[in-house]
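Predicted model follows, preceded by the sequence.
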Amino acid sequence: MNTDTSQRAHAALPQQPPHGATYEPYAALVAGTPVRDADVEVGGARAHVRVYGAVDAPRRLVFLHGLRGDHHGLEPIVAHLVRRRPDLQVWVPDLPGFGASAPLDDGVHDVAGYAAWTAELLAEVAPEGDAVLAGHSFGSIVAAATVAAPLPGATAPAAPPVRALVLVNPIATAALAGPRRALSAVTVGVHRLAAALPERLGTGLLRHPLFTRIASVAMVTSDDRELRRWIHAEHDRYFSGFADRRTLLEAFYASVGTDVGAYAGRISAPTLLIASENDDVAPLPSQRVLQAALADARLVVVPQIGHLAHYEAPDDVARETAEFLAALEAASVPDEQ
């Protein structure tokens, strides 16, 4: 069954600090969230994983970040979610070749490579198949590909089943076919130039602060100056944490070449789509098309924000996710006779 909920007014922005203080809107909440490292070997290489929540929390959710990100970008959502659901343990890996995770030891950093890696991680984290898998932006494509039923004749092992799928700002239309196709074409051109240059120069172009700032400005929609400044600073800190040029280029071309819709027909797990009203990277009309293509999907829309829901409205995302999980759990309880 597909359901579509109406938009809700999102939570007020965090209070701004006194004049002269550093604006860190979610720092206190994140600092108060239990967290530990649980690095594991996946695909023959070290995967850096941060685990948020109590060690004995019985339920597990694995959350995949977007392109050029790492676990830091998801911390605002995760901290709000753990506060709402103390029975939840949230595993946030750095995808191979990003953050502190090593690149894939043998394979390409494309959707298939990341999906196979995620399947192996799920087998390590939740071998019983009782985890929820979530993904933001490019992570939504990887998550969808991971749980999609294998195509006939596929040789890759199937991933363990999951209880449900949560896709935040899911890429419902490939970037080169979406409303930002012109900007996407320019971005592709920059990456092609980076690939053609000598490696040191090409890597320097991809890591250049101006390139990062242009990308950040293009995605931020908030009118709050302090929040915008903080988001730009977050991108400055983490947007260039990729291992090498090859890894970044492979992942980039994967991100612009496909979308969640390519896998929707092979997904049977209950799915929550969390869209943003002003997201022109993953626009709302395409989210409704995606919802219709999924077997069992619910669509919720966070108003007044764009593609960076994890920064601009993390508590809204956490609340919708918590409510979705509660509804799943209630539906799994047999009716009393």
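Noted; the coordinates are in hand.

name the element His80 belongs to?
Per DSSP states H and E: His80 is located in helix 75-84.

Can you mark which positions in that helix are buried?
Judged by neighbour count (16 or more other Cβ atoms under 10 Å), helix 75-84 contains these buried residues: Glu75, Pro76, Ile77, Val78, Ala79, His80, Leu81, Val82, Arg84. C-beta coordinates here come from the backbone N, C-alpha and C atoms, glycine included.

now swap in stretch 281-293 and tell me
Val281, Ala282, Pro283, Leu284, Ser286, Gln287, Arg288, Leu290, Gln291, Ala293.

Could you give the average pLDDT over it?
The average pLDDT within stretch 281-293 is 95.

Over to stretch 316-323?
Mean predicted confidence for stretch 316-323 is 98.

How far away from the center of its chain is that stretch?
Offset of stretch 316-323 from its chain centre (Cα atoms, centre = their mean, to the nearest Å): 15 Å.

contact partners of that stretch?
8, 10-11, 77-78, 80-81, 83-85, 134, 166, 168, 272, 274, 300, 302, 309-310 (Cβ atoms under 8 Å, 6 or more residues apart in numbering).

same thing but 10 Å
Contact with stretch 316-323 is made by 5, 8-11, 61, 63, 74, 76-85, 88, 90, 132, 134, 136, 164, 166, 168-169, 272-274, 276, 298, 300-303, 305, 309-310, 313, as judged by Cβ atoms under 10 Å, 6 or more residues apart in numbering.

Give me the buried subset of these.
10, 61, 63, 74, 76-82, 84-85, 88, 90, 132, 134, 136, 164, 166, 168-169, 272-274, 276, 298, 300-302, 305, 309-310, 313.

From Leu284, how far off is Leu193?
For Leu193, the distance to Leu284 equals 33 Å [Cβ to Cβ, to the nearest Å].

no, scratch that, I was asking about Thr321
19 Å.

Val42 too?
Counting by Cβ to Cβ - Val42 and Leu284 are separated by 35 Å.

One more: Pro76?
Counting by Cβ to Cβ - Pro76 and Leu284 are separated by 22 Å.
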